[in-house]
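[1] Sequence first, predicted model second:
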Amino acid sequence: MELVHSGKVRDVYADGDELILVASDRVSVYDVVLPTLVPDKGKILTQISLWWFDQLKDVTPNHVISATEVPDEWEGRAIRCKRLDMLPVEWIARGYLTGLGLKEYEKGGAVSGVSLPPGLVEADRLPEPIFTPTTKATEGHDEFITYDDVVNEIGADTAAQLRDVTLEVYRRGAAVAAERGIIIADTKLEFG
């Protein structure tokens, strides 16, 4: 097995034509990896991910092959996956104005080219969820782009399909969470 990538939280290993994603106990906050590990965080993160993939399998296919066919030392914290060519976009849906979306809105009343009503403040619920893509930066921070930028990058049909999937995943996830008293402000997806 070969280490292909070590991210802030996950490590990716090549195993033939497949990949193994291993969730570590590292903690990342705004692109900074904190020095203290959280015991079993990787196992919990993996179980949450698998639960969501199962909940959303009728919305879109995913990359999961198996959570059990992994090396013993990563049991419970690894997922065997299909190898995909990643699309160069962070697919973000927002239902509330917060974080970097709020900062972008404060500059000119829009996020990723989507105009929003004037006078919104931090944590306001948006009239409806919006699609706010960003670049997928390999270094530094992702930058907001517009839907038209996505169309120019990957084509109209793929852009429309994945925008719709992103919004549906957010709506479904937000509804499931709301039933449990949790608000999901936004979500970020990646597609290959």
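    Arrived safely. Predicted, not measured: the structure shown is a model, and the values here were computed from it.
[2] What does residue 160 show for phi and psi?
    phi -70, psi -40 (degrees, to the nearest 10).
[3] I misspoke; the intended subject was residue 28.
    Taking degrees, to the nearest 10 as the convention, residue 28 sits at phi -120, psi 130.
[4] and what of residue 120?
    The phi/psi pair for residue 120 (degrees, to the nearest 10) is phi -70, psi 150.
[5] do you know how far it is from residue 106?
    9 Å (C-beta to C-beta, to the nearest Å). C-betas here are computed from N, CA, C, even on glycine.
[6] more neighbours, those two?
    Applying other C-beta atoms under 10 Å to residue 120 and residue 106 shows that residue 120 carries more neighbours, namely 17 against 12.
[7] what about the residue lying closest to that one once chain neighbours are set aside, distance to residue 172?
    Spatial nearest neighbour of residue 120, excluding adjacent residues (C-beta to C-beta, 6 or more residues apart in numbering): residue 97 at 5.1 Å. Noted for residue 97: a distance of 21 Å to residue 172, by C-beta to C-beta.
[8] Quick check on those two: which one has the bigger neighbour count.
    residue 97 (23 against 15).
[9] Might you list the low-confidence residue ranges for this structure?
    Residue ranges of the chain with pLDDT under 70: 138, 140.
[10] try it again with 90
    29-32, 136-142 (pLDDT under 90).
[11] what ranges do the strands span in it?
    2-6, 10-15, 18-23, 28-29, 32-33, 64-66, 78-82, 89-96, 110-111, 114-115, 125-131, 134-135, 186-189 (DSSP state E).
[12] Okay, buried residues for stretch 119-129 please.
    120, 126, 129 (16 or more other C-beta atoms under 10 Å).
[13] so how far is that stretch off the chain centroid?
    How far stretch 119-129 lies from its chain's middle: 21 Å, per C-alpha atoms, centre = their mean, to the nearest Å.
[14] what does that stretch contact?
    With C-beta atoms under 8 Å, 6 or more residues apart in numbering as the test, stretch 119-129 has contacts from 93-98, 102, 105, 116-117, 167, 170-171, 174, 185.
[15] so which of those is the most crowded?
    residue 94 leads the contacts of stretch 119-129 on contacts (other C-beta under 10 Å) with 27 neighbours.
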